[in-house]
Each structure stands twice: as structure tokens, then as C-alpha cells.
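Visitor: have a look at this prediction, sequence included:
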Amino acid sequence: MINIVYRLKSPKFFEEAIDEIELGGVIVRPTYLSICQADQRYYQGSRPAEVLEEKLPMALIHEAVGEVVFDDSGEFKSGDNVVLIPNTPEGEDVYRANYSYNSKFRGSGFDGFTSDLIKLDASRVVKIPDDFNLQVSAFIELLSVAYQGISKFDEISITPKDVLGVWGDGNLGFITALLLKEKFPESKIFVFGKHMENLSLFSFADGIYPIHNVSKDVTIDHAFECVGSSASQSAIDQIIDLINPQGTINLFGVSEYPIPLNTRMVLEKGLTIQGNSRSEREDFVGVVETLKQNPKLFEYLEKLAPQIYEINPINDLKEAFDRDYISRFGKTILKWNK
């Protein structure tokens, strides 16, 4: 089958390439895709020069849903709506696939989902109900990242979960806080950020705090850092100040370069630091089941999908990336008309 792939050749420049897909596995036609900050780091050229030289040209985007075109496993039928799993394990490993050096990740280790057709192993596809909002479902991958981190936290935390703090008032902070409230309904969820217009959207939270105006009597049992970049340093510093002894600091924000850490207070308080990156099939399945059981979550998640761009010519893709870059809140969703 002839397939057209839309690859980033160099920062801010996409090109079309013709590939061929052999029948086999599951072949999916993408319908809705979602831009991630990781995609922007390639598009804007903010990754180190040696990384760009090694990986480009490459198709971007690792958050997507699509429609099954062909399946030789018999697990899916033509027309099924499915969410695509970008993490691709190769061989056996004692580690979870999302932490294994034997895994490759679409839109980072090899081509992402910006093509007319995608060929995947059946294990990299999860069916979603026909009544799911497809624009929201396009970023189930991001929900799955928060889901796997929260699941790990639930396993290792050893102190009460009366107050859970989330740092970051962007998309990941919103999703993490929402899933925490769903999983731990008896816990208080406090959100810390610097944009009041964003914080006001966290209507389900029990408290919102501008980071420069936090009362001295505020404390938390565990923390979730969803800030990323160089701002992670000030977020983690504040977390260490406010967290109770033996709490868990869950790191989600991605920083391109190392940041300092106050290890003295980590030791004195007996804190546990847990890193979180990407996700695996079980997390996608968990998110889909969570959304099935609590469809009201879609009402909140729809706040993250205010921008839908129809992608026809390749220039539409560039325009969507440019507009996404200046957006302060919400996911940029691409309706893939290829």
C-alpha cells in the first residue's frame, strides 16, 4: 500500500515522502492527533543540535486516535475507533517497556503519527467506545502518562494521602489533578501555579494557590511536579519546603538540562522521589476503563480541547504548530483530513 508520510526535515520545515506499507498487523488511518511539548522541541529546534542532526527527518506526534483499515489478527474490525500506543518494545526485558532501553518511541526514536496510514502491532492499539469524544481521546496518551505515575505512587507511598499537591497549571497539571481527584476522592487536591486564568479552570480542586502567595500554614502529604523546563527547580524547592516528612515527590515535568536539588532536606524529611516517563499498554487500557466508568471526566477534559485545526495541505500542519507554540493553555488538536 502506498503511504505518504509528513516528516519534519529541519526545524519549522515539513516535507512529504512516499513510503510503502506491507499488509500485516493493524493498519490505522489517523483521524485526530494532538501536539505535545516534546513535538514542539523538535519543531522549534530547541533540542541539542546533535539530537536534531541524528533524528531528523522524522514524522512527529505521538498522541493520536484513528480508524482501523486492516487487521490480520482478527482482534479489530474495519472502522473501529482506536487509540495508538507510541511506545514500541523490542524484545524481552525485566523493566517496564516505557523505561526499557529496548523500547523505541514514535516521534522520538522513529516516525510518529503524521502520515496517511500507520502500521502497528495489535498490542500497540486499544479500542475505544464509539461514543467517546475523539478530540479528547486524541490525547489519551497524555492521560496515560499521568495514570501510570499515579498508579506507581499508590503502590509506594507510605504516609497518609490527606492532601495531595500538584505543581503546574498547564495541561499535564490539569490532567494529573483531575485523575488524582477521581482516584482519591477523599483526598484534598491543592494546585499550585503562576497563571490565575489557568488556575481558575481547576474547578474540581479543593484549593488553588499562586506560587508566590502561599500561606505558611499550607502543607501537603505528597506532591506531583508537572512544570518541567528550568522552572522545575523553583517548583521542587517549594515542594520540599511544604511537604510533610516521608512524603513522595512525583516528577512528571521534562527538563532538557539538569537542575539542582536540595538533597539535605530530602534526607532530613525522608522523602521519596519518583520519576515518571511515558506509559505502557496497561495504562492506556486503564485510562479507557476510567473514562468508561466516569464519563463526566470528559466534561472537564473538553476544556483542554478548545483549538481544533483541520489539516489538509502540509502548510496547515506548520500553521497549527506555530499557533500551538503561543498557546498558554489547552491542547492543539489536529483533525487529520489526509
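Guide: Alright, I've got the coordinates.
Visitor: what are the boundaries of the helices in the stretch 101-250 of the chain?
Guide: Using DSSP state H, counting those that start in this stretch, the helices of the stretch 101-250 of the chain run over 134-137, 140-156, 171-183, 196-199, 232-242.
Visitor: between the ones you listed, which gets nearest to G253?
Guide: Minimum separation from G253 across the helices of the stretch 101-250 of the chain (Cβ to Cβ) falls at helix 232-242, 5.0 Å. In this view, the C-beta of every residue, glycine as well, is placed from N, C-alpha and C.
Visitor: ok, back up a step: a markdown table for the helices of the stretch 101-250 of the chain, including mean neighbour count?
Guide: Formatted as a markdown table, the helices of the stretch 101-250 of the chain follow (neighbours: other Cβ atoms under 10 Å):
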| stretch | mean neighbour count |
| --- | --- |
| helix 134-137 | 23 |
| helix 140-156 | 21 |
| helix 171-183 | 23 |
| helix 196-199 | 15 |
| helix 232-242 | 20 |
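Visitor: kindly reformat these as TSV containing distance to Q37 and mean pLDDT.
Guide: Shown next, in TSV, are those (distance: least, Cβ to Cβ, whole Å; pLDDT from 0 to 100):
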stretch	distance to Q37	mean pLDDT
helix 134-137	18	98
helix 140-156	10	97
helix 171-183	9	98
helix 196-199	15	96
helix 232-242	13	96
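Visitor: show me the domain layout of the protein.
Guide: For the chain, automatic domain parsing gives the domain ranges 2-139+305-336, 144-275.
Visitor: and of the helices of the stretch 101-250 of the chain, who's closest to A17?
Guide: For the helices of the stretch 101-250 of the chain, proximity to A17 was assessed by Cβ to Cβ; helix 140-156 is nearest, at 24.0 Å.
Visitor: so what does the closest one touch, helix or strand wise?
Guide: With contacts taken as 3 or more Cβ pairs under 8 Å, 6 or more residues apart in numbering; DSSP states H and E, helix 140-156 sits against strand 63-71, strand 81-84, helix 171-183, strand 222-225, strand 248-251, strand 272-275, helix 281-293.
Visitor: so which of the ones you listed is nearest K152?
Guide: Of all the helices and strands packed on helix 140-156, strand 272-275 sits nearest to K152, with 6.2 Å by Cβ to Cβ.
Visitor: how far away is the nearest residue to A177 once chain neighbours are set aside from A231?
Guide: The spatially closest residue to A177, leaving aside those adjacent along the chain, is V166, at 4.4 Å (Cβ to Cβ, 6 or more residues apart in numbering). Separation of V166 from A231 (Cβ to Cβ, to the nearest Å): 14 Å.
Visitor: swap in N244?
Guide: Using Cβ to Cβ, we find N244 at a distance of 23 Å from A231.
Visitor: same list (the domains of the chain) but as JSON lines, adding distance to K296.
Guide: Below are the domains of the chain laid out as JSON lines (distance: least, Cβ to Cβ, whole Å):
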{"stretch": "domain 2-139+305-336", "distance to K296": "12"}
{"stretch": "domain 144-275", "distance to K296": "9"}
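Visitor: re the thing from before, the more surrounded of V166 and A231?
Guide: Using other Cβ atoms under 10 Å as the criterion, V166 and A231 rank with V166 on top: 32 against 17.
Visitor: what sits opposite that one in the beta ladder?
Guide: Taking DSSP bridges, one obtains V191, F224 as the residues bridged to V166.
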